[in-house]
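Enquirer: The following block contains a protein sequence and its predicted model.
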Amino acid sequence: MAKKMSGLGRGLGALIPQKTEVNTVAVQRPADDRESSPDASREAGNGTLHVPVSSIMANSEQPRSHFGHNGLEELMKSIREHGILQPLSVSSRGAGKYELIAGERRLRAARMLGLPTVPVIVRDADRRDRLILALIENIQREDLNPIEEAKAYRRLMDDFGLTQEAVAGQGGKARSTVANTLRLLELPVPIQEALAAGKIAAGSARTLVGIDDERKQLALFRKMLSGNITSRQAEVGASRVKGRNRQDPALLAAAGRVREALGTKVEISGKKGRGKVVLHYFSEEELERLIERLSS
């Protein structure tokens with residue numbers, strides 16, 4: 001069940017650095033939307049509108065990429081029995097049309113059930129605010145897969161320049177949880193895909209993160225996938241590989257500090273006063289962010 005979002009208008013101010021001007025997200029007057037949408041009806045006292053399902057456009061920048069069939073079936077069963085308990089968040093597009101901000105699964109379920117209307121709360125949000133709201137709502141959901149969650153954290157950091165602390169505070173998570181989840185994006189694509197599909201658990205995937213050799217990562221991953229080893233055996237195998245690649249503790253600590261400062265994977269190696277620092281990036285947007293941070 002999704003956790004209730006609280007104080008999103010105030011949260012946006014804390015999320016985005018003060019030097020950036022952003023419109024505060026607030027609920028529009030329902031009466032304004034009734035004028036533009038004659039088919040909409042309002043629940044007295046709580047600002048919730050009931051609008052035609054056909055009037056809601058999908059969010060073009062929906063953070064979620066996986067919508068499990070079983071999860072939708074369970075949601076449809078719940079909606080049949082209890083209705084939609086949490087209104088969708090939308091923004092008005094004029095002429096009785098709305099764009100979805102958050103609530104993609106509820107909208108999909110409503111369409112599959114053939115519901116004529118759904119409850120919504122209309123928010124006055126520009127493109128930037130809509131994306132932040134969608135990301136936060138998804139982060140706070142319990143059914144988000146680990147890779148989707150990690151990508152949502154990364155997008156908040158890359159697109160809006162947030163620190164791990166700010167992301168953790170807004171999403172209601174511990175900073176260590178955010179940091180550990182972000183590290184899953186350092187894994188090779190096949191492992192990420194398996195994790196997103198639920199073929200391996202997040203805990204098993206985390207045992208692979210610290211293995212620097214991708215071939216060894218994938219070899220251990222394939223054993224996990226085949227079921228030939230237990231989770232404990234996988235941990236032991238990963239520890240052995242990491243032990244063979246043990247680095248200078250001082251360099252590991254230094255890499256950790258740089259990783260915290262830049263928000264990306266960092267490798268530092270060297271001896272006798274010489275060495276190299278390697279910064280990893282996982283998208284063009286992240287590369288631009290790193291260049292900007294290093295240049296400032």
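Expert: In hand now; what should we look at?

Enquirer: For the rest of this, base every contact and every neighbour count on C-alpha atoms.
Expert: Noted.

Enquirer: May I ask which helix or strand encompasses the closest residue to Lys199 other than its chain neighbours?
Expert: Among residues not flanking Lys199 along the chain, Leu225 sits closest, at 7.1 Å (Cα to Cα, 6 or more residues apart in numbering). Per DSSP states H and E, Leu225 falls inside helix 214-226.

Enquirer: Just the CA atoms of that helix, as PDB, please.
Expert: C-alpha atoms of helix 214-226 as PDB (Å, rounded to 0.1, in the frame of the first residue of the first chain):
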ATOM      1  CA  GLU A 214      32.500  -7.700 -14.400                       C
ATOM      2  CA  ARG A 215      33.300 -11.200 -15.600                       C
ATOM      3  CA  LYS A 216      33.400 -12.500 -12.100                       C
ATOM      4  CA  GLN A 217      30.300 -10.600 -11.200                       C
ATOM      5  CA  LEU A 218      28.400 -12.200 -14.100                       C
ATOM      6  CA  ALA A 219      29.700 -15.700 -13.400                       C
ATOM      7  CA  LEU A 220      28.500 -15.500  -9.700                       C
ATOM      8  CA  PHE A 221      25.200 -13.900 -10.900                       C
ATOM      9  CA  ARG A 222      24.600 -16.900 -13.300                       C
ATOM     10  CA  LYS A 223      25.100 -19.300 -10.400                       C
ATOM     11  CA  MET A 224      22.600 -17.300  -8.300                       C
ATOM     12  CA  LEU A 225      20.100 -17.300 -11.200                       C
ATOM     13  CA  SER A 226      20.400 -21.100 -11.800                       C
END
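
Enquirer: quick one: buried residues of it?
Expert: In terms of neighbour count (16 or more other Cα atoms under 10 Å), helix 214-226 has its buried residues at 217-218, 220-221, 224.

Enquirer: I'd like these laid out as TSV, including distance to Ala179 and pLDDT.
Expert: Formatted as TSV, the buried residues of helix 214-226 follow (distance: Cα to Cα, whole Å; pLDDT from 0 to 100):
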residue	distance to Ala179	pLDDT
Gln217	20	88
Leu218	22	91
Leu220	23	88
Phe221	22	90
Met224	24	85
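
Enquirer: want to try JSON lines for these, with distance to Tyr98 as columns?
Expert: Shown next, in JSON lines, are the buried residues of helix 214-226 (distance: Cα to Cα, whole Å):
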{"residue": "Gln217", "distance to Tyr98": "46"}
{"residue": "Leu218", "distance to Tyr98": "45"}
{"residue": "Leu220", "distance to Tyr98": "48"}
{"residue": "Phe221", "distance to Tyr98": "44"}
{"residue": "Met224", "distance to Tyr98": "45"}
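
Enquirer: and which of these is nearest to Gly273?
Expert: Ranked by distance to Gly273 (Cα to Cα), those are led by Gln217 at 30.2 Å.

Enquirer: how near is the closest one to Glu81?
Expert: 46 Å (Cα to Cα, to the nearest Å).

Enquirer: Show me where the stretch 51-200 of the chain has its strands.
Expert: Assigned by DSSP state E, counting those that start in this stretch, the strands in the stretch 51-200 of the chain fall at 56-57, 88-94, 97-102, 117-124.

Enquirer: Would you confirm that the residue nearest to Lys199 contacts Ala197?
Expert: No: look at Leu225 against Ala197 with Cα atoms under 8 Å: they stay out of range, at 12.0 Å.

Enquirer: if I read this right, Arg154 contacts Leu182, doesn't it?
Expert: Yes: assessed by Cα under 8 Å, Arg154 is found in contact with Leu182 at 6.9 Å.

Enquirer: which of the two has more neighbours?
Expert: Neighbours were counted for Arg154 and for Leu182 using other Cα atoms under 10 Å; Arg154 has more, 25 against 22.

Enquirer: Contact partners for that one?
Expert: By Cα atoms under 8 Å, 6 or more residues apart in numbering, the contact set of Arg154 is Leu182.

Enquirer: Ile79 and Ser89, how far apart?
Expert: 17 Å.
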